[in-house]
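Participant: no letters, just coordinates:
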């Protein structure tokens, strides 16, 4: 049986937005006889708020916080937990204060299960403020600079570009690639991953590096945003059938 692995933010819904209701209905119908997994950097409750409890609970396994908070049915398992040392927290706080970016909204360091979400603009930012920072970061590469500097200073961590404004931090090796080791009867040939940060330093890069069939969801497209057909109930590769922006 084919296995489908989905990132959530930026894939099943636009970044920092809720799922498109028409796409949600389509996905629920499509997934009735499919085996799929959620592989996201976000926490479970945030995932439910974005794509709905039905899609979350129908997943065979929910891998949250880069796979460090695992949900199977109504049971959860936490792995690769850690605490920030004072020097590490201070480094991140100074990265915020030293940034020349003009808007800082608070909640810059969010502790998750086995990971940390860091943002200069802050998680309190509105969608407009997030998009403004994204445009600025595309020009300045601030997140990449912070990522590389933090990883060099604290080599016990892996660090990745996350959503439109954030950096995601986990213990070395405790990234999304770990989830395939927990899949029963995993096969590269019949497994498919959909992510939006598949580039080097992106949060989806580690899992795309170890899987054979991966799909990069481009910025601005709709998978809420991407619709694909499937030749046969559980046979054959997924085939994109419609790509376009939500009007």
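Facilitator: That came through fine. From a predicted model like this one, the values you see are computed outputs, not experimental measurements. Residues are numbered from 1 along each chain as shown.

Participant: remind me which residues of this protein are low pLDDT?
Facilitator: Within the chain, the stretches with pLDDT under 70 are 219-247.

Participant: need the distance between the two termini of stretch 38-50.
Facilitator: End-to-end distance of stretch 38-50: 13 Å, with Cα to Cα, to the nearest Å as the criterion.

Participant: I meant stretch 58-74, not that one.
Facilitator: 11 Å.

Participant: for that stretch, buried residues please.
Facilitator: 58-59, 61-71 (16 or more other Cβ atoms under 10 Å). C-beta: built from backbone N, CA, C; applies to glycine.

Participant: check the offset of that stretch from the chain's centre.
Facilitator: 13 Å (Cα atoms, centre = their mean, to the nearest Å).

Participant: tell me how this protein divides into domains.
Facilitator: Under automatic domain parsing, the residue ranges defining each domain of the chain are 3-79+174-243, 86-171.

Participant: can you lay out the buried residues of stretch 58-74 as JSON lines showing secondary structure?
Facilitator: What follows is the buried residues of stretch 58-74, written out as JSON lines (DSSP: H, G, I helix; E, B strand; the rest coil):
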{"residue": "58", "secondary structure": "helix"}
{"residue": "59", "secondary structure": "coil"}
{"residue": "61", "secondary structure": "strand"}
{"residue": "62", "secondary structure": "strand"}
{"residue": "63", "secondary structure": "strand"}
{"residue": "64", "secondary structure": "strand"}
{"residue": "65", "secondary structure": "helix"}
{"residue": "66", "secondary structure": "helix"}
{"residue": "67", "secondary structure": "helix"}
{"residue": "68", "secondary structure": "coil"}
{"residue": "69", "secondary structure": "strand"}
{"residue": "70", "secondary structure": "strand"}
{"residue": "71", "secondary structure": "strand"}
